[in-house]
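Novice: Prediction below, plus the sequence it came from.
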Amino acid sequence: MKRIVIAGAGSHCGKTTIACGLLSAFREHGLKVCAYKTGPDYIDTEYLRRSGRCEAYNLDTWLMSEEKVRELFTKTSRGKDIAVIEGAMGLYDGGMNSTAEIAKLLHAPVIAVLNVKSIGETAASIALGLREYDNEVNFAGVILNHAGSASHIRIISEELNRIGIKVFGALRRNDKLTIPERHLGLLPFNENTNYDFDSVRAIVEECVDIDEVIRVSESSSEIHESESSRPCMNHKVRVAVARDEAFTFYYPESIDTLRELGAEIIYFSPIHDDELPRADGYIFGGGFPEMFARELEANESMRESVRQCASSIMLAECGGYMYLCDSMTDRDGKNFHMAEVIHSDAYMTDRPVIGYIEAHSLSDNIMCREGDIIRGHEFHYSRVNQKDEFAFMMTRRRTGETYNGGYAHGNILASYLHVNFFGNPELAERFLSRIDINHTSR
């Protein structure tokens, strides 16, 4: 199938805006689209999903093997006409999990978005470096972004043409194309009420040669499809997943894996619902609970319901971990009562914790056995002042630093660790098996 990678020389160049505009434009051309994001980012995928009116998936060779990346891509792109894959950071950032490596793995051509604000011919040297750094990357050309004037575009385009780098289009500076940012990246889509998909599509269609992008996407070479894995058990359980403004960080392929293993998935809102739905197990995912701490505290009946169901299987990641604590202190120093299931307190800091993690399980828990080593990532500004009943010994991939983290006690596992069930189906299998056992023993 046709596919294209939208990369950049670094962050903040406009990759998400261009990718969203292309997805919308391709739909207007009558193409069936699918969308992907390299790396573990949850926020950009929601913009891609809304723009393409399709699900958006993460392609990450730390969270899953190369074979599983190929399997996920071929499985989810089947029946579609064109795939748009948005890169992360700069084209070569991230080592073996870089956008460049994903592009090579999927045999996809790359178009780089260049932020040319306040530079001229130097943009050509940046593009030349991107093209020459790894000749195994199918570098197709560039789209200029944040240009100041028509003459600015002409000067840079002439220099790029001189060195044989194709320019697919150029966008002028425009506030309509700017997505606001917050401490973990872009402002989540559900909070960005001013985002105008029609304006983004119209500008990208006007400024980018859409037909030429489609033509280049056809240069993708064949992917040898990986053998699809088959679930080995059929668990007849109901899993309730927290999903609302505060809890939005989920990999769709993780939820799909639970479904394929037999689980019935239902959703509930810790902000809006009065109580937990009847279920055999619960998942509290990541998100921005600190931005909705007042609303979460105000829903006393839900917090009481969570406490009453604390003997049920509960898996919490990042924001969900914070919600299960006794309290949460936001960035303004205001303290709010939370679910009071984990007797620790969460609080915001100014220092981020971002990176890939190798987690060694310190005891048997609802997702893995003592001694198991699992891969995931952390992405948060908060801390939890927990002192015992740690779930994992964490090792940072980049620095080798080790520390204890997470909470494991009884039927509860909570931590800052984000994992991907598609890449680690054995974790999903054990999670559902523990739900089976707990449900049977009641």
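Specialist: Here it is on my side, so go on. Numbers count the residues shown, from 1 in each chain.
Novice: can we go C-alpha only for contacts and neighbour counts from here?
Specialist: Will do.
Novice: roughly how far is the helix ranked longest in the chain from the heart of the chain?
Specialist: Taking DSSP state H as the assignment, the helix of the chain that covers the most residues is helix 425-441. Chain-centre distance of helix 425-441: 25 Å, with Cα atoms, centre = their mean, to the nearest Å.
Novice: now swap in stretch 413-424 and tell me
Specialist: Distance, stretch centre to chain centre, for stretch 413-424: 13 Å (Cα atoms, centre = their mean).
Novice: For that stretch, measure first residue to last.
Specialist: This stretch, stretch 413-424, spans 17 Å end to end (Cα to Cα, to the nearest Å).
Novice: contacting residues around that stretch?
Specialist: When contacts are defined by Cα atoms under 8 Å, 6 or more residues apart in numbering, stretch 413-424 is touched by residues 63-65, 68, 251, 253-258, 314-321, 357, 365-367, 375-380, 391, 405-408, 427-428.
Novice: which strands and helices sit next to the helix or strand hosting R215?
Specialist: Using DSSP states H and E, R215 falls within helix 210-217. Helices and strands touching helix 210-217, as assessed by 3 or more Cα pairs under 8 Å, 6 or more residues apart in numbering; DSSP states H and E, comprise strand 2-8, helix 15-28.
Novice: ok, back up a step: strands - which of the contacts of stretch 413-424 land there?
Specialist: Using DSSP state E, the members of those that fall within strands are 314-317, 357, 375-380, 405, 407-408.
Novice: what about this protein, any weak spots by pLDDT?
Specialist: 176-177, 179-194, 225-233, 439-442 (pLDDT under 70).
Novice: what's the most buried one of the helices and strands packed on helix 210-217?
Specialist: Highest mean neighbour count among the helices and strands packed on helix 210-217 (mean count of other Cα atoms under 10 Å): strand 2-8, with a mean of 27.
Novice: Next, the angle helix 210-217 makes with that strand.
Specialist: 100 degrees (axes from the mean of the first three to the mean of the last three Cα atoms, to 10 degrees).
Novice: Direction included, what does strand 2-8 pair up with?
Specialist: Strand 2-8 has the following sheet partners, assigned by DSSP bridges: strand 82-86 (parallel), strand 110-115 (parallel).
Novice: so that strand versus helix 15-28, what angle?
Specialist: Using the same axes, to 10 degrees, strand 2-8 lies at 160 degrees relative to helix 15-28.
Novice: Send me strand 2-8 as PDB with only the CA atoms.
Specialist: Taking C-alpha atoms only, strand 2-8 is exported to PDB below (Å, rounded to 0.1, in the frame of the first residue of the first chain):
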ATOM      1  CA  LYS A   2       1.000   3.600  -0.300                       C
ATOM      2  CA  ARG A   3       2.600   5.100   2.700                       C
ATOM      3  CA  ILE A   4       4.600   8.200   3.700                       C
ATOM      4  CA  VAL A   5       6.600   9.200   6.800                       C
ATOM      5  CA  ILE A   6       6.300  12.900   7.900                       C
ATOM      6  CA  ALA A   7       9.500  13.600   9.800                       C
ATOM      7  CA  GLY A   8      11.500  16.700  10.900                       C
END
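Novice: Identify all contacting residues around it.
Specialist: Under the criterion Cα under 8 Å, 6+ apart, residues 15, 18-19, 81-91, 99, 103, 108-114, 214, 216-220 lie in contact with strand 2-8.
Novice: at 7 Å what do you get?
Specialist: With contacts defined as Cα atoms under 7 Å, 6 or more residues apart in numbering, strand 2-8 is touched by 15, 19, 81-87, 89-91, 103, 108-114, 217-218, 220.
Novice: which SSE is S301 in?
Specialist: helix 300-308.
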